[in-house]
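**Q** got a structure for you, letters missing:
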């Protein structure tokens, strides 16, 4: 009976995670960029160099997320469900890992931890977004789970194996998003050297070799081919994001509170009271200089607190801040909340169970609601408008005078190019069959420039008052 119940729970979790994930069109700009890079990999077979267009490399992230999306599209087809499948699968697998952590951190109700995590607002919403943060959360959770089992698992003889798995998972985290993937390692190190923690030695020499073997090969290959990437990765991507505001990601100091506090409070709905209470209680229990925890429960609570606070401090002081950066922290927050629920006099009445069920149904329904929200971010209507044009086939879609809609790459299986005033002349000289997408106010200047190169364009359609579609007029017969 227990095996059948577990099967039904996993089946229900699968339905909860994957239901309606393809209902919403791709939203620009982020979902479009990720899918466009994946589509370019499938189209040209170059899996080493992420590119938005054959002439536009895109090195901002390591390629693991792009590989996952490309493999998903290759297997499931060119559709929104396939593009979101890696994020959704990461959410499902992370929830299972939270259950494994619950078996260590909750004495009687290990199922509480995955229930809280899966029903947190932010992780549930993030599962419907194409991003690196879902896979990053999976890798980081796997690393911290391995460390937890090395520390508190029943078979201490297996600690070495768990630690190797921990370092390998950190390699996966680094290969997903670079240095931010190693932030939870600070919590592990701080806990390991906390007086009386009882954590096993971290096996730095072997561990770093394992992590580098997973994380570095791609970086070594691409830097060997493009030496200038060393400066790009270290200065532009790391220093630029952490220290300067050059990426325009909410660099003002007060944005740390404006963005992250609402994310933490609203993202933990409907359980917000419990993680807030647990974190505040654990912080009050800290003493300086550090003292050894009195029992296993305090020991684990210290570990969870470090897992939340140390990465959070880095996110707060960094000059690059986005809501989904905090997604990995919702795993320890779920464990803290579940421990508080287990230790309290919280009674699961029928009304409370019904409330949780209704809340989870609402989270699933949000995917359908979001699909029906009118927004200019949704690229699907534009793709349908282009597909409906009665024009001869074209090889690419060029956006001039406006931000490119990269999702077109997935919907129409066409390359999407971002053409600026500086590159317009070169593009007009190219012998390619191109559909041009131009904002109405820019059309006269575009046509005037085209005449200089003997190009005769005609309007073949429009998309509301946002875009005009232009094609070179075919020669007269």
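**A** Everything's here; your move. The shown structure was predicted, so the numbers you read here are calculated from the model rather than taken from an experiment.
**Q** next one: stretch 384-393 to chain centre, how far?
**A** 33 Å (CA atoms, centre = their mean, to the nearest Å).
**Q** now it: buried residues?
**A** 385, 386 (16 or more other CB atoms under 10 Å). Placement of C-beta: from N, CA and C, glycine included.
**Q** all strands for this structure, in order.
**A** Per DSSP state E, the chain carries strands over the ranges 51-53, 56-57, 396-400, 415-419, 434-438, 457-463, 467-472.
**Q** please report how far the residue nearest to residue 296 when sequence neighbours are not counted lies from residue 107.
**A** Spatial nearest neighbour of residue 296, excluding adjacent residues (CB to CB, 6 or more residues apart in numbering): residue 152 at 7.3 Å. Distance of residue 152 to residue 107, computed by CB to CB, to the nearest Å: 12 Å.
**Q** okay, these two: which has more neighbours?
**A** residue 152 (17 against 12; other CB atoms under 10 Å).
**Q** who touches the more buried one in this structure?
**A** For residue 152, the contacting residues are 104, 296, 300, by CB atoms under 8 Å, 6 or more residues apart in numbering.
**Q** please produce a ChimeraX select command covering the buried subset of the residues you listed.
**A** Of the contacts of residue 152, the buried ones can be selected in ChimeraX as follows, counting by 16+ other CB under 10 Å:
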select :104,300
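**Q** need the contacts of residue 152 in CSV (columns: distance to residue 423).
**A** Below are the contacts of residue 152 laid out as CSV (distance: CB to CB, whole Å):
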residue, distance to residue 423
104, 56
296, 62
300, 57
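**Q** let me know the closest of the contacts of residue 152 to residue 380.
**A** residue 104 (43.8 Å; CB to CB).
**Q** now do the helices in the stretch 251-400 of the chain.
**A** For the stretch 251-400 of the chain, the helices defined by DSSP state H, counting those that start in this stretch cover 255-267, 273-285, 296-317, 330-343, 350-371, 380-387.
**Q** so residue 126 touches residue 324, yeah?
**A** Yes. Between residue 126 and residue 324 there is a contact at 6.0 Å, judged by CB atoms under 8 Å.
**Q** per-residue pLDDT, residue 246?
**A** Looking at residue 246, its pLDDT reads 64.
**Q** over to residue 83?
**A** pLDDT at residue 83 comes out at 98.
**Q** what's the neighbour count on the closest residue to it other than its chain neighbours?
**A** Nearest-residue entry for residue 83: residue 35, 4.9 Å, with adjacent residues in sequence omitted and distances by CB to CB, 6+ apart. By the criterion of other CB under 10 Å, residue 35 has 28 neighbours.
**Q** what sits against residue 35?
**A** Here residue 35 is in contact with 26, 69, 73, 83, 130, 406, 407, 409, 410 (criterion: CB under 8 Å, 6+ apart).
**Q** domains in this structure, by residue range?
**A** According to automatic domain parsing, the chain comprises the domains 2-22+79-370, 380-472.
**Q** distance-wise, check the residue nearest to residue 296 relative to residue 311.
**A** 21 Å.
**Q** quick one: mean pLDDT for stretch 173-188?
**A** 96.
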